[in-house]
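Colleague: missing the sequence, but the structure's below:
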């Protein structure tokens, strides 16, 4: 260990020891607040239950039991959501003056987390038994179980270091490290998918949705409506919105490149939890931007990989889905998309790529509240390819 790091470690150890000592006049620094707690969450170091609104201090071990979880807002407003059966130590967390920089590390012993930075510069680590994940501002998921670490990046990049080397993991990529090997994966594991379903449902305010419960994991998806059962399930999507489920039929014969991209991102869970950052009655509802900050900036983000335009004669009547783009570049579509809500969307005909149409649940889209960069946006909870739910 370098001298400066050794000095810092010693100072922190003394500080925390004094903070925990009986009769001490020191108080451990609060590093975050429990925004939401589901069921049984405890701190191992202090042996007490955590409630919504409680502060969490440095060097604290957070443990979640079965069907339990916690959504934490750190001091810089980064989001740390911990799923069920998890254990995480909030140690070595240091904020610069006015929380303008974050350094330090967490130790993740088991379970699942979703981390989303708030735009503050970071030089931060998450340490697991098999890997160390370097963060400089991004949104990603981690699952630690059975001697393995699985990392899936939703936006940005993380650096994963293990005894097998150092690797950059970027938007849309999944990387797995075990005691025997480390490699990129084509898709998230079933274990990660199930863990993230629970986390997303918890943040949305409820238990896991039975519509999207993985097969073999308990509750099966309900039967498809009869008129959808005969459709090509590989070209059928289902959105989980706050008000209900929306089914979308894809148009691969009209926009094959865009259809492939949307299905790829849906299978990577890219769209899960993203906000509807723009909703205008009888016009469109737009989502798919991971850079959007509630009440603030964003609405031009994406994966960083653009698509060539696939304009067609398909009109933007109510229920048609189109890919957003920059006005000055027809070949700049990425991940953002919109759904036509009414007749005024016809002004977009021939200018944007149409790639799908709503076939069931349009009333739930029309129930979205009108908004432009809202402070408390409604969100697309999940987006799934129906073929993945009904094997």
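Modeller: Noted; the coordinates are in hand. Just so it is clear, the structure is predicted and the values come from calculations on it, not from any experiment.
Colleague: For the stretch 251-391 of the chain, which segments are assigned as helices?
Modeller: For the stretch 251-391 of the chain, the helices defined by DSSP state H, counting those that start in this stretch cover 256-267, 362-366, 386-389.
Colleague: And the second one, what's buried?
Modeller: Read that as helix 362-366. The neighbour-count check on helix 362-366 (16 or more other Cβ atoms under 10 Å) flags 362, 364-366 as buried. For glycine as for every other residue, the C-beta is placed from the backbone atoms N, C-alpha and C.
Colleague: which of these lies closest to residue 197?
Modeller: residue 364 (19.5 Å; Cβ to Cβ).
Colleague: From residue 286, how far off is that closest one?
Modeller: Residue 364 sits 16 Å away from residue 286, going by Cβ to Cβ, to the nearest Å.
Colleague: Point out where the chain drops to low pLDDT.
Modeller: Applying pLDDT under 70 to the chain flags the ranges 1-28, 45-47, 92-100, 201, 203-223, 226, 295-300, 391.
Colleague: show me where the stretch 201-350 of the chain has strands.
Modeller: Ranges of strands in the stretch 201-350 of the chain, per DSSP state E, counting those that start in this stretch, are 236-240, 245-250, 274-275, 278-279, 284-287, 320-323, 337-340.
Colleague: Next, format these as JSON lines and append mean neighbour count and distance to residue 73.
Modeller: What follows is those, written out as JSON lines (neighbours: other Cβ atoms under 10 Å; distance: least, Cβ to Cβ, whole Å):
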{"stretch": "strand 236-240", "mean neighbour count": "23", "distance to residue 73": "24"}
{"stretch": "strand 245-250", "mean neighbour count": "20", "distance to residue 73": "29"}
{"stretch": "strand 274-275", "mean neighbour count": "23", "distance to residue 73": "17"}
{"stretch": "strand 278-279", "mean neighbour count": "22", "distance to residue 73": "25"}
{"stretch": "strand 284-287", "mean neighbour count": "24", "distance to residue 73": "23"}
{"stretch": "strand 320-323", "mean neighbour count": "25", "distance to residue 73": "33"}
{"stretch": "strand 337-340", "mean neighbour count": "26", "distance to residue 73": "29"}
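Colleague: Nearest to residue 33, out of those strands?
Modeller: Per Cβ to Cβ, nearest to residue 33 of these: strand 274-275, 21.4 Å.
Colleague: That closest one pairs with which strands?
Modeller: Strand partners for strand 274-275, identified by DSSP bridges, are recorded as strand 379-380 (antiparallel).
Colleague: Name the residues that touch the strand it pairs with?
Modeller: With contact meaning Cβ atoms under 8 Å, 6 or more residues apart in numbering, strand 379-380 is reached by 204, 239-242, 271-276, 287-288.
Colleague: which one of these is nearest residue 175?
Modeller: Using Cβ to Cβ, these come closest to residue 175 at residue 272, 18.7 Å.
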